[in-house]
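Asks: got a sequence here, can you model it:
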Amino acid sequence: MHAIQQQYWAVRDYLSPVLKESKFKEHGRITPEEFVAAGDFLSYKFPVWTWEKGDASKARDYLPAEKQYLVTRGVPCLRRATSLAYTDADEDAERLLSFGDSSGAADEWVETHAGRGATVDSAANLGEIDDIPDLDGDGLASAMADVSIVSETGATVGETPDLDDIPDMEEEGLEDGEDEATMAPVVPKAGGVIDASQIGVANGNLLQVRTYDVMITYDKYYQTPRIWLLGYDENRTPLTPSQIFQDISADHALKTVTIEAFPHSSTLQAASVHPCKHASVMKKVIERMNAGVVEEQLAARKNSGKQQDKDGKKKWGFGRKGAKEEGVKSPVEEEEVEGMRVDFYLVVFLKFIASIVPTIEVDSTTAF
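Replies: Coordinates of the predicted model:
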């Protein structure tokens, strides 16, 4: 059934027309040219993203041959999505902490997951740390009274020892000894390649980090970008579908995120976020962001106009006044602001995808 569905999607994508008119602000959809422009901006600002041409037999003619899709490799995934689940159970209870001082003022903080026990592998589980007592002037003087700055040989700390008194490593035989803590070298098999079975698996308190190769393609039918995920464990062994779904939000796993054939490869299967809702979500996000961008641009233009009036020559009184009386708008008011450019589309798109895969650090644009 799934194979028939994939064949239907392939035929539907082939017969769907290519979008020619820009509608990313009105409908959240972009043209292939805008996808390339947004990809160029993303790869320029964030070089972890690069263009790939993929399989030549799978190339789309509405995209440049060298810019078929975007990819970033080695994206870390430090924990599973289930670790972010928040329930109303007792272990996830909240409590109010108050830290008061001698003046009576108190800072209040909310502690989440108050009933959850500490785990051994938690990096934040540092145990109990005793308070360090303060040393006053008398205590510090008594503590430093017994400190001597003279070494056993009678030389002071600032005095340089005689170089002849420093033992040579060859005389002591230090070079001949073997350090017991030195790891035995791993001998590669024929061909110079180390087999994965020769690499020890991380255990204990060591954090086992998964990594993902993340690809962004253009979906001609939905006229939006589409995200693809290919996961690996700490030994670079490909993850199974069930393991990949551990890193997907429970609201999207096996619903909007499924395993499908990658469109630019003949053999590759990868997890994909279905783009049926991408346009509507992107439209809402772009509307909110565009309103803020327009407001900033209007404020900047207003300030620049005032600066030009101050720096320019003295204007005749009847010129601007007459224009206002007749209801004629100034050139600054007539020119519409550009608002959010389509170049930023993929930057916003990655922030949207980060909510679907919260533990996979797909959004490398957080500082932008």
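
Asks: the helices in this protein, which residues?
Replies: Remark: helices assigned in the chain by DSSP state H are 2-15, 32-45, 137-145, 169-172, 241-245, 278-311, 317-325, 331-334, 345-354.

Asks: for residue 268, give me its contacts.
Replies: For residue 268, the contact set (C-beta atoms under 8 Å, 6 or more residues apart in numbering) comprises 230, 261, 262. All C-beta spots, glycine's among them, are computed from the backbone N, C-alpha and C.

Asks: which residues of the stretch 101-250 of the chain score low on pLDDT?
Replies: Applying pLDDT under 70 to the stretch 101-250 of the chain flags residues 101-107, 111-181, 183-207.

Asks: whoops, I mixed them up, the stretch 251-368 of the chain
Replies: Judged by pLDDT under 70, the stretch 251-368 of the chain has its weakly predicted residues at 305-337, 366-368.

Asks: residue 264 touches residue 55, doesn't it?
Replies: Yes. Using C-beta atoms under 8 Å, residue 264 makes contact with residue 55 at a distance of 5.8 Å.

Asks: so for these two, which residue has more residues nearby?
Replies: Set residue 264 next to residue 55 and count neighbours by other C-beta atoms under 10 Å: residue 264 wins out with 22 against 14.

Asks: for residue 24, see how far away the more buried one is.
Replies: 23 Å (C-beta to C-beta, to the nearest Å).

Asks: which ones are touching residue 219?
Replies: Contacts of residue 219 by C-beta under 8 Å, 6+ apart are 13, 225, 226, 275.

Asks: swap that for residue 283, please
Replies: Residue 283 touches 25, 26, 27, 28, counting by C-beta under 8 Å, 6+ apart.

Asks: what's the burial count for the second one?
Replies: The local packing count at residue 26 equals 11, with neighbours defined by other C-beta under 10 Å.

Asks: for residue 271, same thing?
Replies: Neighbours around residue 271, by other C-beta under 10 Å: 22.

Asks: for it, give me its contacts.
Replies: 228, 229, 230, 231, 241, 244, 245, 248, 257, 258, 259.

Asks: and for the second one, the neighbour number?
Replies: The local packing count at residue 229 equals 25, with neighbours defined by other C-beta under 10 Å.

Asks: list just the nearest of the contacts of residue 271 to residue 34.
Replies: For those, the minimum distance to residue 34 (C-beta to C-beta) is 19.8 Å, reached by residue 228.

Asks: surely the closest one touches residue 217?
Replies: Yes. At 6.6 Å, residue 228 counts as touching residue 217 under the criterion of C-beta under 8 Å.
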